[in-house]
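Asker: Quick one: sequence plus predicted model below, questions after.
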Amino acid sequence: FRENVLAAQAAGASFIAIHPRTKTQGYKGGADWELIAEAKSLLDIPVIGNGDVTTPEAAARIVRETGCDGIMIGRGAVQDP
């Protein structure tokens, strides 16, 4: 994980979006927001958080808990626009 986010920054990415859920996990279990916080501490570019953002309260919580610079909403927008 660390190698990948640092490589993206080194290659010139202007921001990175993190959806911390594994392929094998699928839609089961929760997104690991600690990885978003870790990326934020490693990088100088903006970090966009994603995963389990299904309510306005969850949106505020992901920003508060991870320090991410913005959020990206996926299924939550489709399920309850």
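Answerer: Right, received. Where do you want to start?
Asker: hey, let's count contacts and neighbours off CA atoms from now on
Answerer: Noted.
Asker: Which pLDDT value does the model give the residue most central in space within the chain?
Answerer: For the chain, residue 49 is the residue whose C-alpha lies nearest the centre (CA atoms, centre = their mean; 2.6 Å). Per-residue pLDDT puts residue 49 at 97.
Asker: which phi and psi does it have?
Answerer: Torsion angles at residue 49 (phi, psi; degrees, to the nearest 10) stand at phi -90, psi 150.
Asker: so what's it up against?
Answerer: Counting by CA atoms under 8 Å, 6 or more residues apart in numbering, residue 49 touches 17, 18, 19, 33, 36, 62, 63, 68, 69, 70, 71, 72.
Asker: Next step: those residues restricted to helices.
Answerer: Among those, the residues falling in helices (DSSP state H) are 33, 36, 62, 63.
Asker: residue ranges of the strands in this structure, please?
Answerer: Here the chain has its strands, by DSSP state E, at 16-18, 47-49, 70-71.
Asker: any idea which of the ones you listed is most buried?
Answerer: Comparing the strands of the chain by mean neighbour count (mean count of other CA atoms under 10 Å), strand 47-49 comes out on top with a mean of 25.
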